[in-house]
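**Q** Structure of the sequence below:
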Amino acid sequence: MKEVAYGDVAGLVGQEIGVSDWVEVSQERVNQFAEATGDHQWIHVDVERATREIGGPIAHGYLTLSLIPLLGAGILRVTGVTRGINYGCDKVRFTGMVRVGKRVRMRQKLLSVEAKAGGLQMKNECTIEIEGEDRPACVAETISIIYGT
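**A** Numbers count the residues shown, from 1 in each chain. Next comes the predicted model:
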């Protein structure tokens, strides 16, 4: 994990910050996401039908996107921060299916840092990779704001 002080975070702009550990996308995780969101489409939760018709169940695209905080937690620690908020996304693309049982990880690059609302607005390119596959599952430009002490 990379560590940087709040006042020095802008020095990382343009750099790949790091790569997370692998995380398995289990059927239990998919089912929990379906319950939380109300998205019970058979391609995600009906294991028998999905296996028969498409080779196995796949994770929701938005489940993949929602893993960004979990995956990012092990990449960068900014010291001197009192809180952080999600501000939004400029671009999100789901470029590959995550089959249940596969592992994913995230590669993070800091695209920009600018003063905003009394804090620092950070834009990151987050690429979620699927173990053993060439094509990533998701590429997203996420925006957050962190506030220093």
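**Q** give me the number of residues near F33?
**A** 20 (other Cβ atoms under 10 Å). No exception for glycine: its C-beta is placed from N, CA and C like everyone else's.
**Q** Determine the three-state secondary structure at the residue nearest to it when sequence neighbours are not counted.
**A** Leaving out its chain neighbours, the residue that sits closest to F33 by Cβ to Cβ, 6 or more residues apart in numbering is L63, at 4.3 Å. For L63, the secondary-structure state derived from DSSP: H, G, I helix; E, B strand; the rest coil is helix.
**Q** Neighbours of L63, how many?
**A** Neighbours of L63 under the rule other Cβ under 10 Å: 22.
**Q** got it, and E53?
**A** 11.
**Q** So it: helix, strand or coil?
**A** With three-state DSSP as the criterion, E53 was assigned helix.
**Q** For the residue nearest to F33, which residues are in contact?
**A** Under the criterion of Cβ atoms under 8 Å, 6 or more residues apart in numbering, the contact list for L63 reads 25, 29-30, 33.
**Q** confidence score at it?
**A** Listed pLDDT for L63 reads 98.
**Q** swap in T149?
**A** Turning to T149, the model gives it a pLDDT of 89.
**Q** Give me the outermost residue of this structure relative to its centroid.
**A** Farthest-out residue of the chain from its mean C-alpha position, per Cα atoms, centre = their mean: R52, at 29.4 Å.
**Q** quick one: that residue and H44, what's the gap?
**A** If you measure R52 against H44 using Cβ to Cβ, to the nearest Å, the figure is 15 Å.
**Q** Just want the most central residue of the chain.
**A** Geometric centre of the chain, nearest residue: I68, 2.0 Å, by Cα atoms, centre = their mean.
**Q** Appreciated, that's everything.
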